[in-house]
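In: next input, structure requested:
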Amino acid sequence: MTTQQDWQPTASIDTLKRRAQLLADVRRFFAERDVLEVETPVLSQAAPTATYLDSFRTDYQPPGSKAVSCYLQTSPEFPMKRLLAAGSGDIYQIAKVFRNGECGRLHNPEFTMLEWYRPALDYSALMQEVDDLLQRVAATPAAIRISYHQAFQQYLDLDIEQVDVQILKRAALSLISGLPDDWQTDYDGWLEMLMSEVIEPQLSQLNKPVMVYDFPASQAQLAKIHHNADGIAVAARFEVYAGGLELANGYDECLDAAELRIRFEADNQRRKQQGKPAMPIDTRLLAAMEKGLPPCTGVALGLDRLMLLLADKTALDAVLSFGFDRS
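Out: Numbers count the residues shown, from 1 in each chain. Below you'll find the predicted structure:
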């Protein structure tokens, strides 16, 4: 029901002014590094296939023709990679993105993402650039780096190269309050649950940003697979946590179009098994990659969550002009 106060913004005007300053600071950071700001379409005829993403779907109705299904972007990644293949060089974008079914204290169906791609930087250098950005625009301390394997060893005394599904399940049931005994998921599902419910809260106690890198190869998403110092195949992927929040997800980008097509098709098979619709694969992205995506690294950072840290707020509505309930 609409009330007399529903027209009011959910963030204070002072917070919105601070948000505007954050956007200006981000743009200054990239201008100083000669990274080009770009814009790409929000609406696409393709969509991500990942099982953990649900896209908003709509129809474009050409006069006198059959409707065409379109999707609001969950990330500007695919068109930005097409720009990279066309020779754009280093690029960034501040984009509105949309994810269906995500709403709560730390989620909004529409949110603002900062995404950038750096042919000029390798995996380690991109992590350093994320750290530099956070220090510059949010005055954070220098970040700590820890591998995914080290995090499980240090906080759970588990060697993820040696444990099986049953060991992970027992650990989750003993450490996560309220988890039903009959809960079912796969190996990666248990890993992700233990990371989010047990390890991440402990990372927040370090009072500085933490970068967890070298994820299991099975969680590569769109990252390359490489071998770590112990010769184990891992995903060249990192995530950034600060103040109890997951802020960013970065990759050394997979350049192999054939490999990505296999991953997309496998995703769609899993979607069908989960009762979700298969998503249209972005064949334009694959064509661009076949033409030649330059070696590059890329990262996406949630600006609304970063604003939460800056404003010392506890819910996204407090840093958005209008949260979803007042949109």
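
In: please count neighbours and contacts with C-alpha atoms only from this point.
Out: OK.

In: tell me which stretches of this protein form strands.
Out: 36-37, 43-44, 57-60, 68-72, 91-98, 110-118, 144-147, 210-216, 225-227, 233-242, 245-252, 297-302 (DSSP state E).

In: export those as a markdown table, with columns for distance to Gln128.
Out: Formatted as a markdown table, the strands of the chain follow (distance: least, C-alpha to C-alpha, whole Å):
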| stretch | distance to Gln128 |
| --- | --- |
| strand 36-37 | 19 |
| strand 43-44 | 32 |
| strand 57-60 | 37 |
| strand 68-72 | 31 |
| strand 91-98 | 16 |
| strand 110-118 | 12 |
| strand 144-147 | 10 |
| strand 210-216 | 10 |
| strand 225-227 | 19 |
| strand 233-242 | 11 |
| strand 245-252 | 12 |
| strand 297-302 | 12 |
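
In: so which of those comes closest to Arg270?
Out: strand 210-216 (18.5 Å; C-alpha to C-alpha).

In: tell me the angle that closest one makes with strand 233-242.
Out: 160 degrees (axes from the mean of the first three to the mean of the last three C-alpha atoms, to 10 degrees).

In: residues touching strand 210-216, excluding its own?
Out: 127, 143-149, 151, 203, 228, 233-242 (C-alpha atoms under 8 Å, 6 or more residues apart in numbering).

In: repeat for stretch 133-142
Out: So stretch 133-142 is in contact with 22, 25-26, 29, 131-132, 208-209, 306, 309-310, going by C-alpha under 8 Å, 6+ apart.

In: swap in stretch 24-42?
Out: Residues outside stretch 24-42 that contact it (C-alpha under 8 Å, 6+ apart): 72-73, 76, 79-80, 89-93, 95-97, 133, 136-137.

In: ok, Ala288 - contacts?
Out: Contacts of Ala288 by C-alpha under 8 Å, 6+ apart are 81-82, 85-86.

In: nearest spatial neighbour of Trp7, chain-adjacent residues omitted?
Out: Arg326 (7.0 Å; C-alpha to C-alpha, 6 or more residues apart in numbering).

In: does that neighbour touch Ala11 like I think?
Out: No. Using C-alpha atoms under 8 Å, Arg326 makes no contact with Ala11, being 11.3 Å away.

In: so the residue most central in space within the chain bridges to which residues?
Out: Nearest residue to the geometric centre of the chain (C-alpha atoms, centre = their mean): Asn249, 4.6 Å. Beta-bridge partners for Asn249, by DSSP bridges, are Glu239, Ala300.

In: quick check: it vs Phe111, distance?
Out: Asn249 sits at a distance of 15 Å from Phe111 (criterion: C-alpha to C-alpha, to the nearest Å).

In: now do the helices in the stretch 101-250 of the chain.
Out: Using DSSP state H, counting those that start in this stretch, the helices found in the stretch 101-250 of the chain span residues 123-138, 148-156, 165-175, 187-194, 200-204.

In: mind checking those for the one nearest to Val68?
Out: Of those, the one closest to Val68 (C-alpha to C-alpha) turns out to be helix 187-194, at 34.6 Å.

In: could you check the angle that closest one makes with helix 148-156?
Out: Using the same axes, to 10 degrees: helix 187-194 against helix 148-156 is 50 degrees.

In: now helix 187-194: how far from the chain's centre is it?
Out: Put simply, helix 187-194 sits 17 Å off its chain's centre (C-alpha atoms, centre = their mean, to the nearest Å).

In: for it, packing partners?
Out: Secondary-structure packing of helix 187-194 (3 or more C-alpha pairs under 8 Å, 6 or more residues apart in numbering; DSSP states H and E): helix 165-175.

In: for Ile232, give me its contacts.
Out: Contacts of Ile232 (C-alpha under 8 Å, 6+ apart): none.

In: what's the neighbour count on the residue nearest to Gly244 when sequence neighbours are not counted?
Out: Among residues not flanking Gly244 along the chain, Ser204 sits closest, at 4.6 Å (C-alpha to C-alpha, 6+ apart). By other C-alpha atoms under 10 Å, the residues close to Ser204 number 17.

In: so what's Ser204 up against?
Out: 241-245.

In: out of those residues, grab the one that's most surrounded.
Out: Ala242 (24 neighbours).

In: hmm, back to that, any chance of the contacts of Ser204 in TSV, plus pLDDT?
Out: Below are these laid out as TSV (pLDDT from 0 to 100):
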residue	pLDDT
Tyr241	96
Ala242	95
Gly243	90
Gly244	88
Leu245	92
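
In: done for today, thanks.
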